[in-house]
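> Dropping a prediction and its sequence here:
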Amino acid sequence: MKVAIVHYWLVTWRGGEKVVEALTELFPDADIYTHVLDPAVLKGTRLERMNVFTTFINRLPFARRMYQSYLPLMPTALERLDLNAYDLVISSESGPAKGVIVRPDATHVCYCHSPMRYLWDMRHEYEEGVSWIKRLAMRLLFPRLRDYDRLSSMGVDAFVANSSWVGKRIEKYYRRDSTVIPPPVDVDAFYTSENRGDYFLMVGQLTRYKRTDLAVKAFNEMGLKLVVIGEGEELAALKKIANDNIQLLGRQPFDVIRKHYAECQALIFPGVEDFGIVPVEAMASGRPVIAFRKGGATESVIEDRTGVFFDEQTSESLIGAVKRYHAASASFDPAVLVEHAHTFSKRNFLDRIRHFLSERFGHV
């Protein structure tokens, strides 16, 4: 059986790329297809040793940096890929990937991290963060891209969603059912510590929808220490509003991140994520999560057992959750947190994918 894995772009190493890497453990001879490739990103990963092919987008000027600007060309690029040699095609979708054309007798499974946010439910948030020229281009182009995105879903034989939250959006926008299989988390890479710092922690890209600004404002008001690890377009704005009790560390090496996870009071997670690997990493480090009660966090965090929720994206609501955490902090057992995190291990992910493909299509 010949297998192809199609991923939107390989220019960063985040959750989507880790899913692709895990899939290659099931299919070590698979070929990888992507729009844009930065070979440096693959250094030290399984994908470095595999055949990776790119679409014509990769040859366009400044593609590694401006790949998202070429979004309108990506449907054509996908349709030009010749995948007739493959019996099983797995598309990894968050940017355009599922629009490939496969043989009538081939199987196409889409592992959907998210229907493209900027086309659907988060288009207004994305418009707010760009220039008026880009905003105008988005309003002109995106209706056609939404039509394409919906049409391309018809070529998928089965959808796998990384969370029930994403599954509901697949049903809403594509009118398709899906099977929920959470993404793999390298839970064994983290450790617990008896040392407890006096800080709370945020980790991740500093983009608008992650609502780091909400956490900064809340901790400014409380005067408690908040450490923020990550970089992105919101960093400059956050520096302007952060008081001295807020540490914006920018991008940090993995060892620094692990140490902060293990020694923080709790992780702050105020945004709406499709799944959210960061809360699982915090729990794998024995630390609870204070999260907004919406999106993927509601599927990974167990209230009063592995974390605390707040119900509104306001400073007042987050402050209330921090107070509830303080009142119950002694009840959070690191061993219980770690055990729960391991339900999202790579081994469990691969077992679920294997079972799904075997049950539905007889593959693997």
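That came in fine, so what should we check first? Keep in mind that what you see is a predicted model, and the values were worked out from it rather than measured.

> Residue 10 and residue 18 touch, don't they?
No. Counting by CB atoms under 8 Å, residue 10 sits too far from residue 18 to count as a contact (11.7 Å). Bear in mind the C-beta positions are built from the backbone N, C-alpha and C, glycine included.

> So for the helix or strand in which residue 66 is found, mean pLDDT?
For residue 66, the element it lies in under DSSP states H and E is helix 63-66. Taken as a whole, helix 63-66 has a mean pLDDT of 93.

> Give me the buried stretch members for it, please.
residue 63 (16 or more other CB atoms under 10 Å).

> Pull the distance from it to the chain's centre.
For helix 63-66, the distance from its own C-alpha centre to the chain's C-alpha centre is 20 Å (CA atoms, centre = their mean, to the nearest Å).

> ok, now stretch 303-319?
In terms of CA atoms, centre = their mean, the centre of stretch 303-319 is found 21 Å from the chain centre.

> tell me the average confidence for that stretch?
Model confidence over stretch 303-319 averages 97 on the pLDDT scale.

> Residues in contact with it: which ones?
Stretch 303-319 has contacts (CB atoms under 8 Å, 6 or more residues apart in numbering) with 211, 214-215, 217-218, 221-222, 266, 268, 270, 279, 283, 288-293, 297-298, 301, 320-321, 324-325, 328, 331-332, 336-337, 340.

> What subset of those is buried?
Buried, going by 16+ other CB under 10 Å: 211, 214-215, 217-218, 222, 266, 268, 270, 279, 283, 288-293, 297-298, 301, 320-321, 325, 332, 336-337, 340, out of the contacts of stretch 303-319.

> Of the residues you listed, which belong to strands?
Counting by DSSP state E, the buried ones among the contacts of stretch 303-319 place 268, 289-292 in strands.

> want to throw those into TSV with distance to residue 173 and pLDDT?
Output for those, formatted as TSV (distance: CB to CB, whole Å; pLDDT from 0 to 100):
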residue	distance to residue 173	pLDDT
268	30	98
289	28	98
290	30	98
291	25	98
292	22	98
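
> Any chance of the residues you listed in CSV with distance to residue 135 as columns?
Shown next, in CSV, are these (distance: CB to CB, whole Å):
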residue, distance to residue 135
268, 30
289, 34
290, 34
291, 31
292, 27
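
> Looking at those, which one is closest to residue 123?
Of all these, residue 292 has the smallest distance to residue 123: 20.4 Å, by CB to CB.

> how much space between that closest one and residue 153?
28 Å (CB to CB, to the nearest Å).

> can you dump the C-alpha coordinates of the helix holding residue 66 into CSV?
Taking Å, rounded to 0.1, in the frame of the first residue of the first chain, the C-alpha atoms of helix 63-66 are listed here in CSV:
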residue,chain,number,x,y,z
ALA,A,63,7.5,31.8,0.0
ARG,A,64,8.9,30.7,3.4
ARG,A,65,8.1,34.1,4.8
MET,A,66,5.0,35.1,2.8
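
> Tell me which residues touch residue 18, please.
Contacts here follow CB under 8 Å, 6+ apart; on that basis residue 18 touches 183-184, 186.

> just the helices in the stretch 101-250 of the chain please.
Using DSSP state H, counting those that start in this stretch, the helices of the stretch 101-250 of the chain run over 123-128, 132-152, 164-174, 212-222, 235-241.
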